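> got a sequence here, can you build the structure:
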Amino acid sequence: MSVAVIMAGGFGKRLWPLSSLKYPKQFLILDERESLLQASYRRASQFFGQENTYLAIRRELKEELFSQLPSLSPENLILEPEGRDTAPCIGLASVWIRKRKGDVPMVIFPADHIIGDEERFYKAISVAAQGAEKGFLVTIGIKPTRPETSYGYLKIGDRLKVIDEISLFKVERFTEKPSYKKAKEFFEQGSFLWNAGIFAWKPSTILKEIKKYLPSLYEGLMKIEKALGTEKEKQAIEEVYPLLPKISIDYGVMEKATKVVSVSGDFFWDDIGSWKALERIFPEDEQGNIIRGLVKEKETSNCILINREKDKILGTIGVSNLIIINSKRGILVVSKEDVQKVKDLVDELLEDEDLKRYA
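The predicted model follows:
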């Protein structure tokens, strides 16, 4: 038996103004069918079963979570008092799963990714879970289709094992968000994969690594685990969790660990890291525009135009290479080359007490 843990507590600042602190990226419905969270839950629950699919999420998002996933059992909810990045989130989920389900393989999914070729996805996940059962730290790697600077990369080494005709390779090193020159070099070499942020391991395996590389986090997690299942559980999480070090699992553990292996995923994957990612997902019109909502454009080319306001029209004349997003929270106008700076704008909003409510 193995279980799924969906991490759904992130923010997605680069998709502001549709994404916000209280309505983050994973809740967005980009394709007019299902939200990113609903799609993640559907995929995981189809493979692992609803009873073995768990959600780790900030407590303040609980109400919106159940509005999107009304069939989710409260028993399958792992609540974080606040966001502390992925290492504390995964650590909390690990002790929580170990207490309730035992030391079973757990597969970790971000809630805000787009996955295509789902049958191939399921096959890679199955192999990852089997690798976790054998004591490996497993990460899913995606074969690059372009020199991408906004993703992390995995340097793949020797083939260690073959499961169901899928190979597990030793990961020699992680490289986080390289320069374009480096990304082009990685792409051309062919021995690098994108780090999809999908992991598999047993609780005991990852906790052993956390103890080694993040001892203060491990110490806090042991205090929480001791209280799980008792009347002091909620109090322990409330008191200890906010004091845990705020760090990602990649920086804190995976870049240092030696038992990391990768399963190469041959399915479509995208983490929708910025508005420009929509160019890889949605078709463009004859002028190279991607248009959603009530929009009237004239002499406009190579733009992304999204209007979520039904009682107002978004009009453009004589512009190109812009991203324009209209929402109740605000209006974003940014050139495509500066799209990564949207996060900086949101950070400035969060620091301003008068503007914080718009973030």
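> mind splitting the chain into its structural domains?
The record's domain split for the chain, according to automatic domain parsing, is 3-273, 276-358.
> which stretches in this protein count as helices?
Secondary structure of the chain (DSSP state H): helices at 36-48, 62-68, 86-101, 118-133, 180-189, 203-213, 215-227, 233-240, 249, 342-351.
> hmm, back to that, turn the domains of the chain into TSV, including mean pLDDT and mean neighbour count.
(Glycine included, C-beta is placed from N, CA and C.) TSV is the format used below for those (pLDDT from 0 to 100; neighbours: other C-beta atoms under 10 Å):
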stretch	mean pLDDT	mean neighbour count
domain 3-273	94	19
domain 276-358	96	15
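> residues in contact with stretch 114-127?
Here stretch 114-127 makes contact (C-beta atoms under 8 Å, 6 or more residues apart in numbering) with 36, 39, 43, 47, 107, 140, 163-164, 166, 168, 198, 200, 263-272, 281.
> just checking the distance from that stretch to the centre of its chain.
Relative to its chain's centre, stretch 114-127 lies at 16 Å (C-alpha atoms, centre = their mean, to the nearest Å).
> now swap in stretch 86-98 and tell me
Relative to the centre of its chain, stretch 86-98 is centred 15 Å away, using C-alpha atoms, centre = their mean.
> stretch 219-229 now?
Distance, stretch centre to chain centre, for stretch 219-229: 25 Å (C-alpha atoms, centre = their mean).
> same check on stretch 1-14?
Distance, centroid of stretch 1-14 to centroid of chain: 6 Å (C-alpha atoms, centre = their mean).
> can you check stretch 195-207 too?
For stretch 195-207, the separation from the chain centroid amounts to 14 Å (computed by C-alpha atoms, centre = their mean).
> got the end-to-end distance for that stretch?
Counting by C-alpha to C-alpha, to the nearest Å, you get 21 Å between the two ends of stretch 195-207.
> from here on, count from 219
Let's use 219 as the start, then, which means that last one is stretch 413-425.
> which residue lies nearest the spatial centre of the protein?
P328 (3.3 Å; C-alpha atoms, centre = their mean).
> find the nearest non-adjacent residue to it, please.
Closest residue to P328 apart from its sequence neighbours, by C-beta to C-beta, 6 or more residues apart in numbering: G415 at 5.1 Å.
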